[in-house]
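Trainee: My questions concern the predicted model and sequence given below.
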There are 2 protein chains.
Amino acid sequence: MTTQLGQAKKGIITEAMKIVAEKEGLSAEEIRRRVAKGTVVIPANHNHTSLSPEGIGLGLKTKINVNLGISPDCANIEMELAKVQMSLDMKAEAIMDLSNYGQTREFRSRLVDMSTAMIGTVPMYDALGFVGKKLEDITPEEFLGVVEQHAKDGVDFVTVHSGINRETASHFQKTSRITNIVSRGGSLLYAWMDLNGKENPFYEYFDELCNICYKYDVTLSLGDACRPGSLADATDGAQIAELIVLGELTKRAWERNVQVMIEGPGHVPLNEIVANVQLQKKLCHGAPFYVLGPLVTDIAPGYDHITSAIGGAIAAGAGADFLCYVTPAEHLRLPTVDDVREGIIASKIAAHAGDIAKGIPGAADIDLEMSRARQSFDWEKMFSLAIDREKAERYRRESEAKHNDSCTMCGDMCSMRLMNKVINK
Amino acid sequence: MTTQLGQAKKGIITEAMKIVAEKEGLSAEEIRRRVAKGTVVIPANHNHTSLSPEGIGLGLKTKINVNLGISPDCANIEMELAKVQMSLDMKAEAIMDLSNYGQTREFRSRLVDMSTAMIGTVPMYDALGFVGKKLEDITPEEFLGVVEQHAKDGVDFVTVHSGINRETASHFQKTSRITNIVSRGGSLLYAWMDLNGKENPFYEYFDELCNICYKYDVTLSLGDACRPGSLADATDGAQIAELIVLGELTKRAWERNVQVMIEGPGHVPLNEIVANVQLQKKLCHGAPFYVLGPLVTDIAPGYDHITSAIGGAIAAGAGADFLCYVTPAEHLRLPTVDDVREGIIASKIAAHAGDIAKGIPGAADIDLEMSRARQSFDWEKMFSLAIDREKAERYRRESEAKHNDSCTMCGDMCSMRLMNKVINK
């Protein structure tokens, strides 16, 4: 078996490339070319048979990811599976299983089985439970063993924080950060390195990591351990030093025919977002960019689906390819099913606004249809095009509008109604 | 009596300028200079005695406005006053009373009396009821009479669509717009011009309009009748032709010592927002820019507080000075009290993110404080700094978190907790 990247380099168009081409309205040959260059990835584990493949990267529609998973504070598998089902119903293209406690393998297997969406994991989260040792006693081989288990289980992409090597860590130590390392996987690795006085195993044994990914065609999602956890820490030396290393590792993975995407911030002031995207694209040789937010202010706990929709839309418009959703629960608690729903919708809005901005062919067509439906008061059409039909319909219904050709906002004074009369008189 | 602008030009620092200077952390002389140049307005009607003056414009914090008012579909004065009280409690800097039906004068008077926030109106909405004639029969003198009544009643700024003159209208007729004219005031004027075959009275009698505004120091908020109501119509010939006229009228108002701000879109693709702000600043000689949204996609009815927070943050970051809130009810119904609350919060997030981006001194200080509180797990401090304390506290409480030094998102694996241990060991 080989990988999408390996085949693309040989000039072979795979079944997955054809499906992605169809979804994106591009030729399969164009998809193959981009996969070969590394500017597009198709995360598709050989063992994930229920997958409907999606492409992530240059010139493709921005995709969104939903985080969920079981943990000590929420070990209820059925509730998490309800979130999965809703994510699939709402057409999220990816789900990351961040489980770190309990029957993680059972949950992961059920998730892969039922999911047409891509599945990602952070094997580091699962390491403590899987290996059954204290953090500092886990060996590099054991860390790699967790990755291999996830790969075997059919996971399409894995987040691995290979970029926080001893050199990056030294830059981190020299910066006076407000929020240190907020990446969970990154902080665990930093602690492991600190406790053992050794190099990051995912950096030291990067070739071995690539071998595992190659075998199952797992896409490497190179994590940013030094992503900023506050506006004050954004775009600092530690973050950019790590990004440089991630760019170097990208080339090494590509040489081994392993697909790569790069993870990005985080908390970033609005005026630094475009620079962050441009820097990632340059330093990482055009590899797809997968961002968490970015959140454009720190002061809105309860509304981080909005702060991240602002940042995500700007990032996507500037070239980010994949948005990790953020829910209203961020910084406060595990999300409920409703929080997940709100997070997905906000993220879809951001992705779509970004797609229009970066000129994805056809992206604005649905907006045009909606606007025509508005002008002609075709409420059924408006509902059918709405990103959340249920809420739009409910709002209209609850208003008890007196006219079909207006809503209660303007009532008799509706400008659209008046203009239709004046222009068509 | 004279105006803030008239006094500023004479080198006089008014009481209002001192209050604004104090609020913005700038010198009163600097505020005076900007008011004199027209880059800052202080809407403060002589008759609005309960007002706590605010400045809007260059280098000042971005302000937000709440729309409400009584209408045939919601003639309940008490419910609208509940929205007013909430807007004041949440520190919205401005409230626009869009009442168009019933006891509009009673409502307006109570609003001005109780409100420390600036009050704006669109006199055109009130014209039909005030004059008691059919639209086409209202005379230019009667239209001006409505403005004078509002001015007398203590309104701080009025939206008047003076820019849609016969020439602008001809540009509009030549464009094939999807959503025609979506400005209510603009569509009424367009219909009046069409029915009477006459020039826009607010353009033809602009000097008389200025005289009324001068007398009470009402700030002219020059409305954009041709603001786009869909992404497809954004930044088109009609919109820009009107903006050119608004720029010319700005100079005429300034000559008469009348303060001016300019209203802007609307629905605009993300990648055209910065250009819209730059164009307004250039064509209107640095007059403050007051935007409605902009909404970055048309397809999210029920979530236009989010689509407009995205656009509003980008606009504010690029130099827009004043954001009109948009609620989740936009395009569907009149907002409820809850909708108003959500709209205010989304708008405050956008304004704050924009302030950080455009470098308003001190804007990011609260984010820094919040981030420090996060790193030290000072939940009380986090709640006190949150843009919505109630929701943040409720979310945390509902999660039944087991630890003070983490939330249920990461629980035992909290990166902040781990990093605090590693770094402080």
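Mentor: That came in fine, so what should we check first?

Trainee: and the stretch 151-300 of chain A, which of its residues are near chain B?
Mentor: A:178-184, A:186-188, A:190-191, A:194, A:229-233, A:267, A:269-271, A:296-300 (Cβ under 8 Å from any Cβ of the partner chain). Bear in mind the C-beta positions are built from the backbone N, C-alpha and C, glycine included.

Trainee: low-confidence ranges in chain A?
Mentor: Scanning chain A for pLDDT under 70 picks out A:75, A:425.

Trainee: In a helix, A:V158, correct?
Mentor: No. Using DSSP: H, G, I helix; E, B strand; the rest coil, the assignment for A:V158 is strand, not a helix.

Trainee: Give me the neighbour count for it.
Mentor: Residues lying near A:V158 (other Cβ atoms under 10 Å in any protein chain shown) number 28.

Trainee: Also A:K215?
Mentor: A:K215 has 16 nearby residues by other Cβ under 10 Å.

Trainee: likewise A:A309?
Mentor: 35.

Trainee: ok, it touching A:I345?
Mentor: No. Between A:A309 and A:I345 there is no contact under Cβ atoms under 8 Å: 9.1 Å.

Trainee: Filter the residues of the stretch 151-300 of chain A next to chain B down to just the buried residues.
Mentor: For these, a neighbour count by 16 or more other Cβ atoms under 10 Å in any protein chain shown gives the buried set as A:178-184, A:186-188, A:190-191, A:229-233, A:267, A:269-271, A:296-300.

Trainee: Restricted to helices, list the residues you listed.
Mentor: Counted as lying in helices by DSSP state H, out of these, are A:R184, A:G186, A:S187, A:L188, A:Y190, A:A191.

Trainee: Which of those sits closest to B:T327?
Mentor: A:R184 (36.0 Å; Cβ to Cβ).

Trainee: List the residues that contact that closest one.
Mentor: A:V122, A:M124, A:Y125, B:C410, B:M413, B:C414, B:S415 (Cβ atoms under 8 Å, 6 or more residues apart in numbering or on different chains).

Trainee: Among the residues you listed, find me the one that's closest to A:A44.
Mentor: Nearest member of the contacts of A:R184 to A:A44, counting by Cβ to Cβ, is A:V122, at 19.0 Å.

Trainee: Next, the residue in the stretch 1-150 of chain A that chain B sits nearest to: phi, psi?
Mentor: Closest to chain B within the stretch 1-150 of chain A is A:D73: 3.9 Å, counting by Cβ to the nearest Cβ. Phi and psi for A:D73, reported as degrees, to the nearest 10, are phi -90, psi -10.

Trainee: ok, which stretches of chain A are strands?
Mentor: A:40-41, A:56-57, A:63-68, A:94-97, A:118-121, A:157-160, A:219-222, A:260-264, A:289-292, A:322-324 (DSSP state E).

Trainee: among the ones you listed, which is the most enclosed?
Mentor: strand A:40-41 (a mean of 31; mean count of other Cβ atoms under 10 Å in any protein chain shown).

Trainee: helices or strands up against that strand?
Mentor: Contacts defined by 3 or more Cβ pairs under 8 Å, 6 or more residues apart in numbering or on different chains; DSSP states H and E place strand A:40-41 against helix A:28-37, strand A:56-57.

Trainee: Just name the most buried of those.
Mentor: strand A:56-57 (a mean of 27).

Trainee: what lines up beside it in the sheet?
Mentor: Strand pairing for strand A:56-57, determined by DSSP bridges: strand A:40-41 (antiparallel).

Trainee: got the contact list for the partner strand?
Mentor: A:4-5, A:20, A:31, A:34-35, A:55-60, A:157, A:219, A:259-261, A:288.

Trainee: thought A:P201 was touching A:V146?
Mentor: No. Judged on Cβ under 8 Å, A:P201 makes no contact with A:V146 at a distance of 10.9 Å.

Trainee: if I look at A:G69, how far off is A:K282?
Mentor: 33 Å (Cβ to Cβ, to the nearest Å).

Trainee: Between these two, which has more neighbouring residues?
Mentor: Taking neighbours as other Cβ under 10 Å, A:G69 and A:K282 compare with A:G69 leading, 26 against 11.

Trainee: Now do the contacts for that one.
Mentor: Neighbours of A:G69 in contact, by Cβ under 8 Å, 6+ apart: A:E80, A:M96, A:D97, A:L98, A:S99, A:N100, A:T104, A:F107, A:Y125.

Trainee: Please list which of those residues are also close to chain B.
Mentor: Among these, proximity to chain B is found for A:N100, A:Y125 (Cβ under 8 Å from any Cβ).

Trainee: Redo the contacts of A:G69 as CSV? Include distance to A:I349.
Mentor: Formatted as CSV, the contacts of A:G69 follow (distance: Cβ to Cβ, whole Å):
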residue, distance to A:I349
A:E80, 24
A:M96, 20
A:D97, 24
A:L98, 23
A:S99, 28
A:N100, 30
A:T104, 32
A:F107, 29
A:Y125, 29
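
Trainee: Farthest pair within the contacts of A:G69?
Mentor: Pairwise distances across these peak at 14.1 Å for A:E80 and A:Y125 (criterion: Cβ to Cβ).

Trainee: so what's the residue nearest the centre of chain A up against?
Mentor: For chain A, the residue nearest the mean C-alpha position is A:C324 (3.3 Å; Cα atoms, centre = their mean). Residues near A:C324 by Cβ under 8 Å, 6+ apart: A:I64, A:N65, A:N67, A:M96, A:Y290, A:V291, A:L292, A:G293, A:S347.
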